[in-house]
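[1] starting from these lines, generate the structure:
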Amino acid sequence: MSRASRNWVMVACALWAAVSTGCGGPADPSEAIDSLFQAATIPSRGTATTFDVGGWNLEWFGDSSNGPTNDSLQLQNARDVIAGADLDVWGLAEIVSSSQFNTLKSQLSGYAGILANDSTVTSGSTYYGTSEQKVGILYKSALMTVQQARIILTSSDNAFAGRPPLEVTLRLTLNGTTENVVVIVLHAKCCSDDTSWQRRQDAATALKSYLDSTYPSQKVLVIGDFNDDLDTSITAGRPSPYRAFLDDSADYRFPTKALSDAHIATTVDYPDTIDQHLETNEMFARYIAGSVEAYRVDSYISSYASTTSDHYPVLSRYTWSTGGGGSNDAGADGGGGAAQVIINEIGANEPGSDTAGEFVELVNVGGTDAALGGWSLSDGTSTRHTFASGTQLAAGRAVVVFGAASAIPAKLGNAVAASSGGLGFSNSGDTVTLRDSSTAVRGTFTYGSSLSGSDGVSMNRSPDASTGSFVLHTTLSSRMSSPGTRVNGAAF
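    Residues are numbered from 1 along each chain as shown. Next up is the predicted model:
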């Protein structure tokens, strides 16, 4: 616990002692302590029409002797993240206390859940005890019902560090479509020594063999703490232990490979991507391009590492309708592989003092062209640009709107000038909104001065061309900005 946290606890206990003796205060000091911790406001990452998936290692949840030392505060923060993110299903790791997990469920309206040692889980209590780390799942009960839950790959118990995966078959109804999806939650062996690497590889071999034979044509997602990266292993000189999945690209894909390639950390203390999402090929067409992210909820929770977890939640989203199509966030035009236009980069603080240099970059991260005629960009005050009739943005391409034509680089062919004659973004904070021709909001972002306070430095999605959070461009590249190109200057 941080010094600040200890001080708050001391104050809370003092207040409890005062009010409980003379004012009819709470009988439990933890109630007084909890009342001093303000709930965190976590921006939503889920939508009503997409299947939204999260994985999160909740460090020693409910065991204050090992993880965060204030169980009440850890519980509150976990509740705030899960409720605020508004995802449909969560795969959780390191849940120690069953009672703490049950309390978490009770405080999450609309969610049900299963812990690995529950009586409803086949072989659960055989492999998971009451005082050890367990995997679990939370899901929206209005959308899903559990068809079966079981512990799998028990013959490889040692390879999985005594934590064999939890497999849950869910019957999901969304957008008028009802189908089964198998969700497997795992927590692989930790650590970077050679023996641990070998156990992870053995576990990966067993998992792939199991999926190949058991689910050759089913929709399967494997989520959790894989405890290793995908580009190369955390064990020096070793390839990723999940190489067999990566090499079988016809049958398997890691959406989180995008995080690995961009060197996005999924833990507080280490630079690697070790929390993964793995999908079978039956899910390929459903995955919403660019939706994977390491959700940096530490931006909203004070002293996150000491109060909540040493891992960040990792998220991905999928369409769910007949034929694999559906409504994609931020600009879907319908159908499988639909267009998806995102606000990718914002230059609110132009180089120097010529506001013509302000810009907004849009990227179509979907699978088909997007018709932008009549779409508009606005700041917090008014509409600043409307795209001309017939404007098309091809899949995988970008277009950038500058404050004025005078600021457009000579060789940049995918840029236009704001139709109003300027963009007018404030350096102290503003809101950028993208609307389609029917004025429906297709994307919006409100930034503060921390992202617009440096002259000439833009804010950019991390990873680039994704639905990840905005960060200063200089955290992704040595370049101050990259309007119309990727963060490294390469063409879209």
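[2] the protein: helices as residue ranges?
    Using DSSP state H, the helices of the chain run over 3-22, 29-36, 71-85, 98-106, 124-127, 194-214, 243-247, 257-261, 304-307.
[3] other SSEs contacting the fourth one?
    When you say that, I think you mean helix 98-106. Secondary-structure packing of helix 98-106 (3 or more C-beta pairs under 8 Å, 6 or more residues apart in numbering; DSSP states H and E): helix 71-85, strand 111-115, strand 134-140. Bear in mind the C-beta positions are built from the backbone N, C-alpha and C, glycine included.
[4] among these, which comes closest to residue 447?
    Among the helices and strands packed on helix 98-106, helix 71-85 comes nearest to residue 447, with 19.1 Å by C-beta to C-beta.
[5] please save the CA atoms from that closest one in CSV.
    Extracted in CSV, the C-alpha atoms of helix 71-85 (Å, rounded to 0.1, in the frame of the first residue of the first chain):
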residue,chain,number,x,y,z
ASP,A,71,-9.2,-5.7,-0.3
SER,A,72,-12.2,-3.2,-0.1
LEU,A,73,-10.5,-0.7,-2.4
GLN,A,74,-9.3,-3.4,-4.8
LEU,A,75,-12.9,-4.7,-5.0
GLN,A,76,-14.3,-1.2,-5.6
ASN,A,77,-11.8,-0.5,-8.3
ALA,A,78,-12.4,-3.8,-10.0
ARG,A,79,-16.2,-3.1,-9.9
ASP,A,80,-15.7,0.4,-11.3
VAL,A,81,-13.6,-0.9,-14.2
ILE,A,82,-15.9,-3.7,-15.2
ALA,A,83,-19.1,-1.7,-14.8
GLY,A,84,-17.6,1.3,-16.6
ALA,A,85,-16.0,-0.6,-19.5
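[6] ok, residue 156 - contacts?
    With contact taken as C-beta atoms under 8 Å, 6 or more residues apart in numbering, residue 156 is in contact with 164, 202, 203, 206.
[7] and if you look at residue 238?
    194, 197, 232.
[8] for residue 444, same thing?
    343, 431, 432, 433, 434.
[9] just the pLDDT for it.
    For residue 444, the pLDDT comes out at 88.
[10] i'd like the first residue to be 40 from this point on
    Sounds good: first residue 40 from here, last item residue 483.
[11] for beta bridges, what are the partners of it?
    Note on residue 483: beta-bridge partners by DSSP bridges are residue 472.
[12] which segments of the protein make up each domain?
    Domain ranges of the chain: 42-69, 89-363, 380-514, per automatic domain parsing.
[13] in TSV: those, plus distance to residue 527.
    Conversion of the domains of the chain to TSV gives the following (distance: least, C-beta to C-beta, whole Å):
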stretch	distance to residue 527
domain 42-69	39
domain 89-363	11
domain 380-514	8
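[14] surely residue 232 and residue 273 touch.
    No - in this structure, residue 232 is not within contact of residue 273 by C-beta atoms under 8 Å, at 10.1 Å.
[15] more neighbours, the two?
    Counted by other C-beta atoms under 10 Å, residue 232 and residue 273 do not tie: residue 273 has more neighbours, with 21 against 12.
[16] returning to what we had before: pick out the most distant pair among the contacts of residue 195.
    203 and 241 (12.5 Å).
[17] list the contacts of stretch 415-434.
    So stretch 415-434 is contacted by 376, 378, 380, 399, 401, 403, 405-414, 438, 440, 455, 457-459, 461-465, 469-474, 478 (C-beta under 8 Å, 6+ apart).
[18] run the last query once more with 7 Å
    378, 380, 399, 401, 403, 405-414, 438, 440, 457-459, 461-464, 469-474 (C-beta atoms under 7 Å, 6 or more residues apart in numbering).
[19] next one: stretch 310-319
    Residues outside stretch 310-319 that contact it (C-beta under 7 Å, 6+ apart): 92, 94, 96, 250, 254, 257-262, 264-269, 273, 284, 290-295, 298-299, 302-306, 326, 331, 350, 353, 355.
[20] over to stretch 495-514?
    In contact with stretch 495-514 (C-beta under 7 Å, 6+ apart) are residues 297-298, 301, 303, 329-332, 335, 368, 381, 383-386, 388-390, 402, 404, 484, 486, 490-491, 493, 515, 518-521, 525-526.
[21] now, the residues you listed that are in strands?
    Applying DSSP state E to the contacts of stretch 495-514, the entries found in strands are 332, 381, 383, 384, 385, 386, 402, 484, 486.
[22] pick out the most distant pair among those residues.
    Taking every pair in the ones in strands among the contacts of stretch 495-514 and measuring C-beta to C-beta, the maximum separation is 22.0 Å, between 332 and 386.
[23] residue 311 and residue 449, how far apart?
    41 Å (C-beta to C-beta, to the nearest Å).
[24] neighbour count winner among these two?
    residue 311 (21 against 5).
[25] check what pLDDT the more buried one gets.
    Residue 311 is assigned 97 on the pLDDT scale.
[26] for residue 298, same thing?
    95.
[27] who's in contact with it?
    By C-beta under 7 Å, 6+ apart, residue 298 lies in contact with 305, 312, 331, 333, 502.
[28] let's see it at 8 Å
    Residue 298 touches 305, 312, 331, 332, 333, 353, 502, counting by C-beta under 8 Å, 6+ apart.
[29] for residue 314, see how far away it is.
    Counting by C-beta to C-beta, the separation of residue 298 from residue 314 is 9 Å.
[30] residue 218 too?
    Using C-beta to C-beta, residue 218 is found at 26 Å from residue 314.
[31] which one's more surrounded, those two?
    Neighbours were counted for residue 218 and for residue 314 using other C-beta under 10 Å; residue 314 has more, 25 against 15.
[32] for the more buried one, name its beta-bridge partners.
    Taking DSSP bridges as the rule, residue 314 bridges to residue 264.
[33] nearest residue to the residue most central in space within the chain in space, please, no chain neighbours.
    Centroid-nearest residue in the chain: residue 354, 2.9 Å away (criterion: C-alpha atoms, centre = their mean). Nearest non-adjacent residue to residue 354, counting by C-beta to C-beta, 6 or more residues apart in numbering: residue 93, 4.9 Å away.
[34] in the stretch 340-489 of the chain, where is pLDDT below threshold?
    361-376 (pLDDT under 70).
[35] quick one, phi/psi of the closest residue to residue 272 other than its chain neighbours?
    Of all residues not flanking residue 272 in the chain, residue 279 sits nearest, at 5.3 Å (C-beta to C-beta, 6+ apart). With angles defined as degrees, to the nearest 10, residue 279 sits at phi -60, psi 130.
[36] and for residue 279, the neighbour number?
    Neighbour tally, residue 279, other C-beta under 10 Å: 24.
[37] between the domains of the chain, which one is nearest to residue 79?
    domain 89-363 (4.3 Å).
[38] and that closest one, how far out from the chain's middle?
    12 Å (C-alpha atoms, centre = their mean, to the nearest Å).
[39] distance of residue 134 relative to residue 242?
    For residue 134, the distance to residue 242 - C-beta to C-beta - is 20 Å.
[40] and for residue 99?
    Here residue 99 is placed at a distance of 21 Å from residue 242 (C-beta to C-beta).
[41] so between these two, which is more surrounded?
    More crowded of residue 99 and residue 242, by other C-beta under 10 Å: residue 242, with 27 against 21.
[42] for the residue nearest to that one when sequence neighbours are not counted, give me its contacts.
    Nearest residue to residue 242, sequence neighbours excluded (C-beta to C-beta, 6+ apart): residue 198, at 4.0 Å. For residue 198, the contacting residues are 228, 238, 239, 241, 242, 245, by C-beta under 8 Å, 6+ apart.
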